[in-house]
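J.: Predicted model and sequence follow; I will ask about them next.
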Amino acid sequence: MRKGFLLLVLTSVLAACGTAESTPTTVPTATVAATPTTDSAAYPTPDLAQSEINPMMIESVAVSVKESMPPQVSVEINGMLNDGCTSFHEAKQSIDGNTIKIEVTTIRPKDAMCNQQISPFSTIIQIEGELKPGEYTILVNDVAEALKL
């Protein structure tokens with residue numbers, strides 16, 4: 001009798017698990033070739049009217065130059081996400097003379113109650129365009145790094 005009851009309970013639980021529907025998620029597109037190394041790329045597309053967009057806190061910037069013609073420059077950016085509701089938004093780059101600016105922003109819902117957990121974030125940005133030999137300053141939000149080609 002006891003085995004029959006356990007079998008009935010187990011069958012009911014398994015049947016209930018099989019009827020759950022999953023909802024698909026969409027992955028937002030970045031404006032540059034950014035490859036986040038956190039799970040932040042798997043969040044649904046946010047409603048921008050109901051969101052706050054802020055500059056990301058940048059911890060460090062490392063520049064790599066691939067010896068090729070023309071040289072390929074990439075920038076590893078390490079930053080922090082302020083709380084459990086904050087995620088990577090986008091990275092925009094521009095070149096003005098010998099200054100390469102990369103603006104990295106985060107997004108979070110307005111007025112959301114979130115756990116106060118700072119999370120690390122890392123991404124690699126490929127600098128677009130052909131850079132001529134010379135000295136450059138790479139400015140990621142408020143962190144500067146020198147580059148000599």
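T.: Everything's here; your move. Numbering: from 1, shown residues only.
J.: which parts of stretch 49-61 are buried?
T.: 51, 52, 56, 57, 58, 61 (16 or more other C-beta atoms under 10 Å). From N, CA and C alone the C-beta is placed, and that goes for glycine too.
J.: Beta-bridge partners for the fourth one, please?
T.: Meaning residue 57. residue 80 (DSSP bridges).
J.: Ok, the last one next?
T.: In this entry, residue 61 is beta-bridged to residue 77, by DSSP bridges.
J.: how near is it to residue 112?
T.: Per C-beta to C-beta, to the nearest Å, residue 61 is found 29 Å from residue 112.
J.: Over to the second one?
T.: Summarising the geometry, the distance separating residue 52 from residue 112, computed by C-beta to C-beta, is 9 Å.
J.: Could you list the single helix or strand in this protein with the lowest mean pLDDT?
T.: Scoring the helices and strands of the chain by mean pLDDT, DSSP states H and E places helix 2-17 at the bottom, with a mean of 49.
J.: Show me the strands in the chain, by range?
T.: 51-55, 57-66, 72-81, 87-96, 99-109, 119-126, 135-140, 143-148 (DSSP state E).
J.: With mean pLDDT as added columns, please give these in a markdown table.
T.: A markdown table is the format used below for the strands of the chain (pLDDT from 0 to 100):
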| stretch | mean pLDDT |
| --- | --- |
| strand 51-55 | 93 |
| strand 57-66 | 95 |
| strand 72-81 | 96 |
| strand 87-96 | 94 |
| strand 99-109 | 95 |
| strand 119-126 | 95 |
| strand 135-140 | 96 |
| strand 143-148 | 95 |
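J.: nearest residue to residue 142 other than its sequence neighbours?
T.: residue 58 (6.9 Å; C-beta to C-beta, 6 or more residues apart in numbering).
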